[in-house]
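Undergrad: generate coordinates for the sequence data below:
(one chain, ligands or ions: 2)
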Amino acid sequence: MACISFSSSVSPSNSIAFTMPQLDPKDGPTARSNRFISCRKRGGAVRHVATQPPAAITIPSTQRSEKEADAAIKSHVAWTSIRRLRWEGEISVQGEIPLWLSGTYLRNGPGLWHIDDYNFRHLFDGYAMIVKLQFENGRVIAGHRQIESDAYKAAMRNRRLCYREFSESPKPGNFLFYVGELASLFSGASLTDNSNTGVVRLGDGRVLCLTETQKGSIVIDPETLGTIGRFEYSDSLGGLIHSAHPIVTESEFLTLLPDLINPGYLVVRMEPGSNERKVIGRVDCRGRSAQAPGWVHSFPVTEHYVIIPEMPLRYCVHNLLKAEPTPLYKFQWQPESKSYLHVMCKASGKIVTSVEVPLYVTFHFINAYEERDKDGRMVAVVADCCEHNADTSILDNLRLENLRSLSGQDVLPDARVGRFRIPFDGSPYGTLEAALDPEEHGRGMDMCSINPYFLGKKYRYAYACGARRPCNFPNTITKIDLEKKTAKNWHEEGAIPSEPFFVALPGATEEDDGVVISMISQENGDGYALLLDGSTLEEIARAKFPYGLPYGLHGCWVPKDQKK
Ligand SMILES: CC1=C(/C=C/C(C)=C/C=C/C(C)=C/C=C/C=C(C)/C=C/C=O)C(C)(C)CCC1
Ligand SMILES: [Fe+2]
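TA: Ligands and ions are numbered 1, 2, ... in the order given. This is a model prediction of the structure:
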C-alpha cells in the first residue's frame, strides 16, 4: 500500500516544516468526584516530529505569527493533520474484545487542516478522513483513508483552496482559476462536497459519507475505505443543502431539505436500493422576521412523527456566498425570529402541531418519543438534544486556534441535555428544561449516541462527551441515565475522546447491554481505540494505533456479512 507521509513538525533550527500529501495514482481513483470511574495519568511530550520526512518545504517561523507557531508546536494530536493519506493494519489489543462484536465501526471527520503552509481556521473545515475498526474474533484491523471529494482533489492538484468550506472561502481569483465562471459563484457550484461530518450505512448496505451540501454525499467502500463516487440523488428535488444527520434505519432514509428561497423545510424519504427521495411533506418557517430557515444539522423522530426544529440560528444566504469569514460563518443569530418545533405525521405529511419554544442552540438531537395517556391517546412529544444554553459561542470555541492554544483553560461553554416537551393539547407553547443537573457531566455535552433499537421510543440511556474541567473541549465519555438523572463519566488525563458509539449485544434484553466505542487522541501524540462496557462504563479493551488520531466526528456500524 502506498503510504505517503507529510509532516507538521518543528525542527531544531526553529523553522516549521510542512509537507502536503500529493495525490498518488496508486491511491485509487482517486464533578470531580467518584463519578469519574477511571482516571489514568499519562504524561508525555507534545512535540510532533515527522517519522518519514519527505522533501519538505521549510518555512522560516518568522513567516508565521508567534501565536501560530506556538500553537503548531503545542498542538494536541486531536487538532493536528494526519500524516499519511492512508494506512491499514492489525492493531494489538489490551483486554478482551467480546467475540460477538463482529463488524466494522466507521468514523468520519476532518483529518487534514492545511494546504502546504496555508492553515485552515475551523475544526469543520478539514478535508474528510474515514477511520475503520474491523472487529473479528477478538482481533482488530484498523485503518484510515482520505475521502476523495472534488474539493480535496482540486486542493491537492492546485495546491490551493478551490471550494467554499465551513469557514474558508477561496479567494475569488482562486475560485475563478479553478471553476472559471462567475455565475458559479451564485449557483452553489462553489460550495464544497467535502463530506467530513458523518457516515451512514443505508438499508441496502451502501455506505455514504455526508456533509451539509447534497453534492457532498459520497459512496465509500467500507472495507478498503476507497472513494467509489458521488451519490447521485435521482429525483429532481433540487436545493443545495440538507441535514448532515439523516435518520437511517434498515427500511428508510429520512432527511430535511431546508428551502432557502421560500423559508421552510421539505421532509423527504428514500427507500433502500433507491436513489430517489420522495416528499413526505413541507412546513413553512414561522419566524416571520427571518429571511431564512433555521440551521438543521440534525433532527429527531418518534415512531409516528418527524420533529422539525426551527432554530433562531438561521442560514444566511449572503454569508454562504461571502468570501471572508463572518462571525457566525454561514449563519446568523436571530433571536427576534423566535424558536419553534414543528411535528409532522410521517404517514400523512400533515403538521399535527407547531409550538414556540424557548430560544435554543443545538447541533445534535439525541432522541425523541411519544407520551401517551392510559387510553393510548397522544399527550406530548418529548425531544432531547445537546443544548448550548441558547449561546452560539461554541462555534467560535471550535476554531483551531482556540482548540490548539487554550488547552487546559476552562473556556468550554456550558451545555446540557435539553429536554423539549411538545404538548398535544393545542397549546401554542412547548417547554425546554435540563433533563438532569448539568454538573453531573461537567457542563459539557455533545456528540451523542443511543441504543439504535430505542430510536423514536421511550429510552433511558444516552452516551455523549461531557467535561472534566478545566478544559477547552469535551474530554469525558459520559453515560446519562435519564430516569435516575445521573451521569457516569470516563476520563483520562489529556485524552480527547471522540463520539461514544453504542453497539448493542445481539439479543440483548437491557437497553445498555452492549459496548461503547470511541477513538482517543492522547496528549503525548498517540491514539487508541477504546471499548467500554455499555452498562458499567468500565474499560473492556483498548487497541493502540501506530499513530496519533486527529479528532473525528460521527460513526456508524456495519455488521459483518452486511457490508455490501
Ligand atoms: C453549513 C454549510 C456547510 C458546512 C457545514 C458543516 C461542515 C457543518 C458541520 C457541523 C458540525 C460537525 C457540527 C458539530 C458540532 C459539534 C459540537 C457543537 C461539539 C461541541 C463540543 O462541545 C458547507 C457544506 C460548507 C456549505 C453549505 C452550508
Ligand atoms: Fe453532527
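
Undergrad: low-confidence ranges, the chain, go.
TA: Filtered on pLDDT under 70, the chain yields the residue ranges 1-74, 172-187, 322-324, 562-564.

Undergrad: list, one by one, the residues from it near ligand 1.
TA: Taking Cβ under 6 Å from any ligand atom as the criterion, the chain approaches ligand 1 at residues 124, 164-166, 191-192, 197, 211-213, 241, 244, 297, 330, 363, 394, 444, 446-447, 474, 553. Yep, even glycine has a C-beta here, placed from its N, CA and C like the rest.

Undergrad: mind checking which of these land in strands?
TA: Using DSSP state E, the members of the residues of the chain next to ligand 1 that fall within strands are F363, D446, M447.

Undergrad: selecting buried members of the residues of the chain next to ligand 1 in PyMOL, what would you type?
TA: This is how PyMOL selects the buried members of these, with burial counted by 16 or more other Cβ atoms under 10 Å:
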select buried, resi 124+164+165+166+191+192+197+211+212+213+241+244+297+330+363+394+444+446+447+474+553
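
Undergrad: would you map the helices across the stretch 351-500 of the chain?
TA: With DSSP state H, counting those that start in this stretch, the ranges of helices along the stretch 351-500 of the chain come out as 393-397, 400-405.

Undergrad: show me what the first one is packed against.
TA: Counting by 3 or more Cβ pairs under 8 Å, 6 or more residues apart in numbering; DSSP states H and E, no packing neighbours are recorded for helix 393-397 among the helices and strands.

Undergrad: how about it as CSV, C-alpha atoms only?
TA: Once non-C-alpha atoms are left out, helix 393-397 reads as follows in CSV (Å, rounded to 0.1, in the frame of the first residue of the first chain):
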residue,chain,number,x,y,z
SER,A,393,-20.2,30.9,21.2
ILE,A,394,-19.4,27.1,20.9
LEU,A,395,-18.9,27.7,17.2
ASP,A,396,-16.1,30.2,17.9
ASN,A,397,-14.7,27.9,20.5
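
Undergrad: what are the buried residues along that helix?
TA: Within helix 393-397, the residues that qualify as buried are I394, L395, N397, counting by 16+ other Cβ under 10 Å.

Undergrad: and stretch 282-291, end to end?
TA: Using Cα to Cα, to the nearest Å, the end-to-end distance of stretch 282-291 comes to 17 Å.

Undergrad: so how far is that stretch off the chain centroid?
TA: Averaging C-alpha positions (Cα atoms, centre = their mean, to the nearest Å) puts stretch 282-291 27 Å from its chain's average.

Undergrad: do the same with stretch 543-561
TA: The chain centre lies 13 Å from the centre of stretch 543-561; the measure is Cα atoms, centre = their mean.

Undergrad: so which bits of it are buried?
TA: 543-545, 547-558.

Undergrad: C-alpha coordinates for that stretch, CSV please?
TA: Extracted in CSV, the C-alpha atoms of stretch 543-561 (Å, rounded to 0.1, in the frame of the first residue of the first chain):
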residue,chain,number,x,y,z
ALA,A,543,-6.1,-1.1,20.9
LYS,A,544,-3.3,1.2,20.2
PHE,A,545,-2.9,2.9,16.8
PRO,A,546,0.6,3.2,15.4
TYR,A,547,0.0,7.0,15.0
GLY,A,548,-2.0,9.7,16.8
LEU,A,549,-5.6,10.2,15.8
PRO,A,550,-7.0,13.6,14.8
TYR,A,551,-10.4,14.3,16.3
GLY,A,552,-13.3,12.8,14.3
LEU,A,553,-17.0,13.4,14.3
HIS,A,554,-19.6,10.7,13.8
GLY,A,555,-19.6,7.0,13.2
CYS,A,556,-21.7,4.1,12.1
TRP,A,557,-21.7,0.3,12.5
VAL,A,558,-21.5,-2.1,9.5
PRO,A,559,-22.4,-5.6,10.8
LYS,A,560,-20.4,-8.4,9.3
ASP,A,561,-21.8,-10.0,6.2
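
Undergrad: can you pull out the helices in the stretch 51-200 of the chain?
TA: 66-74, 150-158, 172-179.

Undergrad: re the thing from before, in a markdown table, list the ones in strands among the residues of the chain next to ligand 1 along with distance to D513.
TA: Formatted as a markdown table, these follow (distance: Cβ to Cβ, whole Å):
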| residue | distance to D513 |
| --- | --- |
| F363 | 28 |
| D446 | 25 |
| M447 | 22 |
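
Undergrad: what's opposite the closest residue to ligand 1 within the stretch 401-550 of the chain in the beta bridge?
TA: The stretch 401-550 of the chain approaches ligand 1 most closely through D446 (3.6 Å), counting by Cβ to the nearest ligand atom. Beta-bridge pairing for D446 (DSSP bridges): C465.

Undergrad: and it, what does it touch?
TA: If a contact means Cβ atoms under 8 Å, 6 or more residues apart in numbering, then D446 has F363, H364, C386, A415, A464, C465, P474 as its contacts.

Undergrad: same thing but 10 Å
TA: Going by Cβ atoms under 10 Å, 6 or more residues apart in numbering, D446 touches 362-364, 385-388, 394, 412, 415, 464-467, 473-474, 499.

Undergrad: for the closest residue to ligand 1 within the stretch 251-400 of the chain, which non-adjacent residue is spatially closest?
TA: Ranked by Cβ to the nearest ligand atom, the top residue of the stretch 251-400 of the chain for proximity to ligand 1 is F363, at 4.0 Å. Leaving aside its chain neighbours, F363 sits nearest to H297 (4.5 Å; criterion: Cβ to Cβ, 6 or more residues apart in numbering).

Undergrad: same check on A504?
TA: Excluding the flanking residues, the one nearest A504 by Cβ to Cβ, 6+ apart is G514, at 4.1 Å.

Undergrad: does that neighbour touch F502 like I think?
TA: Yes: with contacts counted by Cβ atoms under 10 Å, G514 reaches F502, the gap being 5.7 Å.

Undergrad: any common contacting residues for these two?
TA: By Cβ under 10 Å, 6+ apart, G514 and F502 have these common neighbours: N451, P452, Y453, G534.

Undergrad: what distance do you get for the last one to I477?
TA: To tie it back to what came earlier, the one meant is G534. Using Cβ to Cβ, to the nearest Å, G534 is found at 11 Å from I477.

Undergrad: good, wrapping up.
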